[in-house]
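Asks: Kindly return the folded structure for what I paste below:
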Amino acid sequence: MIDLNTTMMIFYVKDQKKSRDFYQKIFLEDPELDVPGMSAFKISDALSLGLMPETGIKKILGDKLPDPCKSNGLSRVELYLSVNNPAELHQRALEAGAIELSPLEPRNWGEKVAYSIDPDGHVLAFGGPL
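Replies: Numbering: from 1, shown residues only. This is a model prediction of the structure:
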């Protein structure tokens, strides 16, 4: 195991403000960081979700990085949150503009999970105890 302090998962997004507002409606929290080029929400003591404009990461990493603008809307990642209230978070996501992929259902790995997709194509999974 690595000696880890915190982790930030960063989603590359088309419109930082739109994505920030979307996740603010789900988490019912203001971002812990909100500056041009990055918004971040603390999800737990060890995990934050960052939202960075696609154009921003391209400026940082240059031509070696395939242009994320060309894959906007294509799902390449899933944020799976195991929570006590998956139905509530899933509903907030839908009300904020997510598209439902699968309703809350028991899954064979021992949780009930609902799936949706955010405006940038990131899959959101809200799971909880059966």
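Asks: buried set for the helix or strand L94 falls within?
Replies: Secondary structure assigned from DSSP states H and E places L94 in helix 86-96. Neighbour-count burial for helix 86-96, with 16 or more other CB atoms under 10 Å as criterion, is recorded at P86, L89, H90, Q91, R92, A93, A96. From N, CA and C alone the C-beta is placed, and that goes for glycine too.
Asks: shouldn't D118 be in contact with L124?
Replies: Yes: judged on CB atoms under 8 Å, D118 makes contact with L124 at a distance of 6.0 Å.
Asks: where do the contact lists of those two overlap?
Replies: A93, A98 (CB atoms under 8 Å, 6 or more residues apart in numbering).
Asks: out of the buried residues of helix 86-96, who's nearest G56?
Replies: Comparing the buried residues of helix 86-96 against G56 with CB to CB places A96 closest, at 22.5 Å.
Asks: So K17 lies in a strand, does it not?
Replies: No: applying DSSP: H, G, I helix; E, B strand; the rest coil, one finds K17 to be helix, outside a strand.
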